[in-house]
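*Asks:* below are the sequence and a predicted model for it; my questions follow.
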Amino acid sequence: MAQGVNTLIGASSAPDLDAQLMLRVRDGDEESFRLLLEKHRNALVHFLYRMVQDEAVSEELSQEVFLRVFRSRGTYEPTAKFTTWLFRIATHLALNWLRDGKNERGQTRLDDDRDGESPAREVADRKPTVEQRMLYQARLREVRSAIALLPEKQRAAVLMHKYEEMEYSQIANVLDCSESAVKSLLFRAYESLRAKLAHMVAGGAR
Amino acid sequence: MNCPLRKEETAHILLDYSAGRLDAAGAGVLERHLENCPDCAAFRMEQTAVWDALDEWRPAPVSIDFNRRLWQRIDAADAAPWYARLFQSIRFAQWQPVLPLTAAILVVAAGFLLDHPADRVSLQAAPAAPSVSVTEADQVEQTLDDIQLLRQLNAEGAGKAKTIPE
């Protein structure tokens, strides 16, 4: 996504630490790229996993994101936060993948139990019982299904808002829309999620 | 949903509060409001439940060979010829809109051909068409000639009748 490298919208501010690292990458310092990779790899893979709900695809897309970042290093300019750029590429790839209809495999895997190894809250000092594990998996399936049913942009907005703790303005920059549009996306997304998940009262009682 | 705070334009304040992202001053004001507004209190309770439910979704750890595979791809991309790099760069997005466009053009063209079968028949049956139309034209021309001849005869007959003395 070379076209998005230097044309990000948003007010220019003092370069963040990531941007400084990226400037060093631009000057040929591969070690700085390794630092950026270590710092953002997990968040990016998990974001993409929650978007496409397919483990292998999320890693493939994440690699594509980092590959593009590395290959664009020569023309990098810190016109926006580094993470905005990173997640903009990631969201672009994920939306393309979803719109290509390649997500059929992912949707069929809503039943798999590969993520979230154990209900940590419920098992602070002991192994979960079979019943606890089944309950946790059922709740997890509900959450995944509710997220998967959101329209793609709403899904991306919620994931960035909830898990990446991004500001409205940063989400707007990633999704290339206005801040009020982001608030509207989030309002509708959380409305859907409340309708589907609000019965899951905190603490696990259902 | 009677409280204006729950409307789309302002609900982000409640969302921020439920997420613990509202500043202390704002949170204080909102808490006083929540004490007297059952609508917003219900919103906050439901949103907190959603927030907690989302917290439970913890993806599996990233593959341990993620970095190794990435560096392999980077090395392979660097070593690839220019046309391969170009293909790789457009593989994901840029040409994808062209495919449905091409398909749409083909569908429209096919629809046009199906909708105009007469044009196709006349094109395919081009050699046979002249014989039919020539025959018809001859017949029409001959009929017109006959009428013209008849008029001339009538006119001549009338003239003779006038010139012949009684």
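*Replies:* Structure received. Numbering: from 1, shown residues only, chains lettered A, B, ... in the order given.
*Asks:* not counting sequence-adjacent ones, nearest residue to the residue sitting nearest the centre point of chain A?
*Replies:* For chain A, the residue sitting closest to the mean C-alpha position, by CA atoms, centre = their mean, is residue A:47 at 2.1 Å. Take residue A:47 and drop its neighbours on the chain: the residue closest to it by CB to CB, 6 or more residues apart in numbering or on different chains is residue A:159, 5.7 Å away. (C-beta placed from N, C-alpha, C; glycine too.)
*Asks:* residue B:41 now?
*Replies:* Closest residue to residue B:41 apart from its sequence neighbours, by CB to CB, 6+ apart: residue B:34 at 5.1 Å.
*Asks:* for that neighbour, pull up the helix or strand it's in.
*Replies:* Using DSSP states H and E, the element containing residue B:34 is helix B:24-36.
*Asks:* average pLDDT for that helix, rounded please.
*Replies:* For helix B:24-36, the mean per-residue pLDDT is 93.
*Asks:* next structured bit after that helix?
*Replies:* By DSSP H and E, the next helix or strand past helix B:24-36 is helix B:38-55.
*Asks:* what angle sits between that following helix and helix B:24-36?
*Replies:* Per axes from the mean of the first three to the mean of the last three CA atoms, to 10 degrees, the angle that helix B:38-55 makes with helix B:24-36 is 120 degrees.
*Asks:* that older thread, other residues contacting the helix holding residue B:34?
*Replies:* By CB atoms under 8 Å, 6 or more residues apart in numbering or on different chains, the residues outside helix B:24-36 that reach it are B:5, B:13, B:14, B:16, B:17, B:22, B:40, B:41, B:44.
*Asks:* now do the buried residues in it.
*Replies:* Neighbour-count burial for helix B:24-36 flags B:30, B:33, B:34 (criterion: 16 or more other CB atoms under 10 Å in any protein chain shown).
*Asks:* kindly provide the distance from the second one to chain A.
*Replies:* Right, the one you point to is residue B:33. Here residue B:33 is placed at a distance of 18 Å from chain A (CB to the nearest CB, to the nearest Å).
*Asks:* same check, this time on the first one
*Replies:* When distances are taken as CB to the nearest CB, residue B:30 and chain A turn out to be 17 Å apart.
*Asks:* could you do the last one as well?
*Replies:* Using CB to the nearest CB, residue B:34 is found at 16 Å from chain A.
*Asks:* on that earlier part again, buried subset of the contacts of helix B:24-36, written for ChimeraX?
*Replies:* Here is the ChimeraX command that selects only those of those that count as buried (16+ other CB under 10 Å):
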select /B:5,13,14,16,17,22,40,44
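*Asks:* turn the contacts of helix B:24-36 into a markdown table, columns for distance to residue A:53.
*Replies:* Output for the contacts of helix B:24-36, formatted as a markdown table (distance: CB to CB, whole Å):
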| residue | distance to residue A:53 |
| --- | --- |
| B:5 | 34 |
| B:13 | 31 |
| B:14 | 28 |
| B:16 | 27 |
| B:17 | 29 |
| B:22 | 31 |
| B:40 | 33 |
| B:41 | 33 |
| B:44 | 29 |
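*Asks:* just give me the closest of the contacts of helix B:24-36 to residue A:136.
*Replies:* The nearest member of the contacts of helix B:24-36 to residue A:136, counting by CB to CB, is residue B:44 at 25.2 Å.
*Asks:* if we can go back for a sec, and the residue nearest to the centre of chain A, what does it touch?
*Replies:* Residues in contact with residue A:47 (CB under 8 Å, 6+ apart) are A:87, A:90, A:159, A:160, A:163, A:164.
*Asks:* which two of those residues have the greatest separation?
*Replies:* Using CB to CB, those reach their maximum pairwise distance at A:90 and A:163, which is 12.7 Å.
*Asks:* quick one: which of these two has more around it?
*Replies:* Taking other CB atoms under 10 Å in any protein chain shown, residue A:90 and residue A:163 do not tie; residue A:90 has more neighbours (29 against 16).
*Asks:* just the C-alphas of stretch A:72-80, formatted as CSV.
*Replies:* C-alpha atoms of stretch A:72-80 as CSV (Å, rounded to 0.1, in the frame of the first residue of the first chain):
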residue,chain,number,x,y,z
SER,A,72,8.3,1.5,2.0
ARG,A,73,11.0,2.6,4.4
GLY,A,74,12.9,4.6,1.8
THR,A,75,10.0,7.0,1.3
TYR,A,76,8.8,7.1,4.9
GLU,A,77,7.8,10.5,6.3
PRO,A,78,6.4,10.9,9.8
THR,A,79,3.2,12.7,8.8
ALA,A,80,1.1,10.8,11.3
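*Asks:* tell me which of the buried residues of helix B:24-36 is nearest to residue B:59?
*Replies:* Proximity of those to residue B:59 was ranked by CB to CB; the top entry is residue B:30 with 32.3 Å.
*Asks:* turn the contacts of residue A:47 into CSV, columns for secondary structure and pLDDT.
*Replies:* Conversion of those to CSV gives the following (DSSP: H, G, I helix; E, B strand; the rest coil; pLDDT from 0 to 100):
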residue, secondary structure, pLDDT
A:87, helix, 97
A:90, helix, 97
A:159, helix, 97
A:160, helix, 97
A:163, coil, 96
A:164, coil, 95
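*Asks:* which of the contacts of helix B:24-36 sits closest to residue A:197?
*Replies:* For these, the minimum distance to residue A:197 (CB to CB) is 14.7 Å, reached by residue B:44.
*Asks:* can you pull the pLDDT of the closest one?
*Replies:* Residue B:44 is assigned a pLDDT of 92 by the prediction.
*Asks:* repeat that for residue A:4.
*Replies:* According to the prediction, residue A:4 has pLDDT 41.
*Asks:* which parts of chain B sit against chain A?
*Replies:* B:8-9, B:11-12, B:15, B:19, B:21, B:45-54, B:56-63, B:66-67, B:69-70, B:73-74, B:77, B:89, B:92-93, B:96 (CB under 8 Å from any CB of the partner chain).
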